[in-house]
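**Student:** Show me the folded form of this:
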Amino acid sequence: SDSFENPITKFPTVSPMVVVTSNPTVSSANKCGISDLERSVQIRTELAPVSGSDLSDTNTPQSLALEWILNRDEQGLCPGDDGLVQRYVMVVFYYSTTGETWTKCSDTEGTPCEIEDEGVGPADDDAPPDDDAPPVRWLSEESECLWFGLECDDNSKISVTDLENNNLSGAIPLEIVQLTQLIELKLASNTITGRFPENISELSKLITLELSNNRFSGGLRNSLFSGTNFESLEKLDLGMNQFRGTLPTEIGTLTSLLVLDLHQNMFTGSLPTEFAVLTNLDTFKIQKNSFLGTVPFTDCTIPFKTLESDCGSPPNPPEIRCDCCTSCFSDSFENP
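**Tutor:** The predicted model follows:
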């Protein structure tokens with residue numbers, strides 16, 4: 001059931017002496033030129049295709065986000081506004097990842113939200129002004145483009161989400177697929193759970209995906225990397241999670257990859273020979289899994305910056321043969 005009343009069936013009591021005009025009353029806080037009732041109904045209708053039934057289920061991140069958009073967002077967005085869906089999606093993301101417990105820039109008063117001092121020297125009065133606006137708290141009245149960890153392109157579309165090491169938990173919501181201009185998604189070093197968020201593969205402009213050091217689990221489906229999915233991806237970092245199963249051979253189609261980090265998971269089986277065509281890779285890390293066989297890179301003239309596997313001993317012989325590895329790991333976690 002809804003977490004709030006259905007405005008379609010709830011009408012105010014009208015005194016017999018009151019003359020009801022043909023134009024509904026517009027709230028002084030409503031800039032949309034329609035009644036609050038109509039605004040609520042139209043916004044709910046516009047967002048329904050984005051979230052489906054989750055929009056109506058009590059206390060879901062989606063219903064909480066809708067309530068915030070309708071009643072607490074000081075921007076007072078109107079049906080059809082260009083930024084409505086994007087702002088709603090980011091509020092869903094906030095509630096889905098337990099935003100009130102974030103380390104920095106949550107809606108909770110008292111959490112720090114300022115630019116960290118990086119030891120820069122005295123300001124130069126002749127230097128050009130800094131175009132980067134200081135971060136602001138999530139769920140503030142400012143544009144979501146200014147919320148901590150977010151960056152937007154020239155069209156005010158979110159292009160970067162960087163919330164590494166910020167105590168995010170919960171799950172990545174499916175609504176993130178609406179961020180069609182997203183280039184970088186950096187969520188490493190949190191406690192996010194669940195399976196790999198499969199619809200992220202539909203973000204055709206995504207270049208960097210960093211999900212390492214979380215609590216993701218389950219396997220990687222072949223369909224994740226089929227067709228044009230992830231066709232622009234240059235960095236895929238899934239290290240230090242709880243992924244399991246064999247690796248999809250389709251990863252070998254991601255020819256733009258520069259970094260593929262799968263270390264310290266629970267993957268098994270042989271490494272697909274299809275990986276050999278990933279000649280642009282300069283970083284490939286698969287140690288601390290249960291792979292067997294041979295690393296499919298045999299041309300040691302390829303300038304790998306980092307090529308790491310379980311090619312050390314014990315056991316003897318090693319679990320993995322790697323002729324070109326820059327570092328070999330073993331069951332003792334030593335790095336010879």
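
**Student:** Next up, the contacts around the residue lying closest to T193 once chain neighbours are set aside.
**Tutor:** Excluding the flanking residues, the one nearest T193 by C-beta to C-beta, 6 or more residues apart in numbering is R215, at 4.6 Å. Quick note: C-beta positions are derived from backbone N, CA and C, even for glycine. For R215, the contact set (C-beta atoms under 8 Å, 6 or more residues apart in numbering) comprises 191-193, 241-242.

**Student:** Roughly how far does R215 sit from F267?
**Tutor:** R215 is 16 Å from F267, where distance means C-beta to C-beta, to the nearest Å.

**Student:** Double-check that V92 belongs to a helix.
**Tutor:** Yes: the assignment for V92 is a helix, going by DSSP: H, G, I helix; E, B strand; the rest coil.

**Student:** Could you tell me how many residues sit around it?
**Tutor:** 29 (other C-beta atoms under 10 Å).

**Student:** ditto for P315
**Tutor:** 10.

**Student:** Contacts only, for L209.
**Tutor:** Residues near L209 by C-beta under 8 Å, 6+ apart: 185, 200, 230, 233, 235-237.

**Student:** Please identify the helix or strand for it.
**Tutor:** Per DSSP states H and E, L209 falls inside strand 208-210.

**Student:** Direction included, what does that strand pair up with?
**Tutor:** Its sheet considered, strand 208-210 pairs with strand 184-186 (parallel), strand 235-237 (parallel) by DSSP bridges.

**Student:** Would you mark the buried spots in the following helix or strand past the first one?
**Tutor:** Past strand 184-186, heading to the C-terminal end, the next element that is a helix or strand (DSSP H and E) is strand 191-194. Of all the residues in strand 191-194, those buried under the rule 16 or more other C-beta atoms under 10 Å are I192.

**Student:** same check, this time on stretch 255-267
**Tutor:** 257-265, 267.

**Student:** And for it, what's in contact with it?
**Tutor:** By C-beta under 8 Å, 6+ apart, stretch 255-267 touches 212, 231-247, 251, 277-291, 308.

**Student:** now, which of the residues you listed lie within strands?
**Tutor:** Using DSSP state E, the members of the contacts of stretch 255-267 that fall in strands are 235-237, 242-245, 283-285, 290-291, 308.

**Student:** any idea which of the residues you listed is the one closest to N59?
**Tutor:** Nearest to N59 among these, counting by C-beta to C-beta, is Q242 at 27.3 Å.

**Student:** Give me the neighbour count for the closest one.
**Tutor:** Per other C-beta under 10 Å, the neighbour tally for Q242 reads 13.

**Student:** Check the gap between it and N213 for me.
**Tutor:** Per C-beta to C-beta, Q242 is found 11 Å from N213.

**Student:** Please apply the same query to R39.
**Tutor:** 42 Å.

**Student:** okay, those two: which has more neighbours?
**Tutor:** R39 (22 against 19).

**Student:** Give me the secondary structure label for that one.
**Tutor:** Judged by three-state DSSP, the three-state class of R39 is helix.

**Student:** That one reaches C78, doesn't it?
**Tutor:** Yes: with contact defined as C-beta atoms under 8 Å, R39 and C78 form a contacting pair (6.7 Å).
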